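Peer 1: no sequence on hand, only this structure:
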């Protein structure tokens, strides 16, 4: 087999957790570049600088390796949205921070967002379940804030939360696909302004009718 240009040299012994981290990094590079179906375990092993048996010691198959990466990055998305919502008690700033979280995730190093938002395995049950769970968790956190601060019924608050998640995700991916023609902070502010104009129209809890 011909070595790929980014293949790492073999022979270095690493602690198990460090080796797992190395394998996940190599797998992310291959999956992002080629998609799941075109990616090969041989290439991932070579990219990581290990033998294929070493790769299989950590991950029994390609799907398990992909799911481990997906879990990691889906959890990272939920975490940054949670932190955005907790960063302020000003609801307008919360909207801005939430939109920024999605743009930060999409613009992050390594294009990990492709594994979550653009997977060629979206119709495979364990992948779909993980992506849906991440979206639902983000939407539920946003919905909780909306429900606490407005008179919107729970079902409406959840619909608004999912709408905000969809708006943030789709606009962030579109922004990136246009080669960042609009500065990132400007794009975030445009979408946050759109979202805030809608959400702020709901009466706050305790406001006179």
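Peer 2: On my side now, so go ahead. Note that this is a predicted model, so its numbers are computed, not measured. Numbers count the residues shown, from 1 in each chain.
Peer 1: for the nearest residue to residue 182 once chain neighbours are set aside, give its distance to residue 73.
Peer 2: In space, and not counting its chain neighbours, residue 182 is closest to residue 175: 6.5 Å by C-beta to C-beta, 6 or more residues apart in numbering. All C-beta spots, glycine's among them, are computed from the backbone N, C-alpha and C. In this structure, residue 175 and residue 73 are separated by 19 Å, where distance is defined by C-beta to C-beta, to the nearest Å.
Peer 1: same check on residue 156?
Peer 2: 30 Å.
Peer 1: between these two, who's got more neighbours?
Peer 2: Higher neighbour count among residue 156 and residue 73: residue 73, with 21 against 15, using other C-beta atoms under 10 Å.
Peer 1: contacting residues for that one?
Peer 2: Contacts here follow C-beta atoms under 8 Å, 6 or more residues apart in numbering; on that basis residue 73 touches 112, 113, 115, 116.
Peer 1: ok, the residues you listed vs residue 99, which is closest?
Peer 2: Taking C-beta to C-beta as the measure, residue 99 sits nearest to residue 113 out of the contacts of residue 73, at 14.6 Å.
Peer 1: is residue 142 in a helix, a strand, or coil?
Peer 2: Reducing the assignment at residue 142 to three states with DSSP: H, G, I helix; E, B strand; the rest coil gives helix.
Peer 1: excluding chain neighbours, give the residue nearest to it in space.
Peer 2: Using C-beta to C-beta, 6+ apart, the closest residue to residue 142 is residue 161 (3.8 Å).
Peer 1: thought residue 139 was touching the one you found, still the case?
Peer 2: Yes: with contact taken as C-beta atoms under 8 Å, residue 161 and residue 139 are classed as touching, separated by 3.9 Å.
Peer 1: residue contacts, the residue lying closest to residue 102 once chain neighbours are set aside?
Peer 2: Counting by C-beta to C-beta, 6+ apart, residue 168 is the residue found nearest to residue 102 once chain neighbours are left out, at 3.7 Å. For residue 168, the contacting residues are 98, 99, 101, 102, 103, 191, 195, by C-beta under 8 Å, 6+ apart.
Peer 1: buried stuff in the helix or strand harbouring residue 76?
Peer 2: Using DSSP states H and E, residue 76 falls within helix 62-86. Counting neighbours by 16 or more other C-beta atoms under 10 Å, one finds that the buried residues in helix 62-86 are 62, 65-67, 69-70, 73-74, 76-78, 80-81, 84-85.
Peer 1: roughly how far does residue 103 sit from residue 68?
Peer 2: 25 Å.
Peer 1: can you pull the buried residues of whichever strand or helix holds residue 134?
Peer 2: Element membership for residue 134, per DSSP H and E: helix 125-149. Going by neighbour count (16+ other C-beta under 10 Å), the buried part of helix 125-149 is 127, 130-131, 134-143, 145-147, 149.
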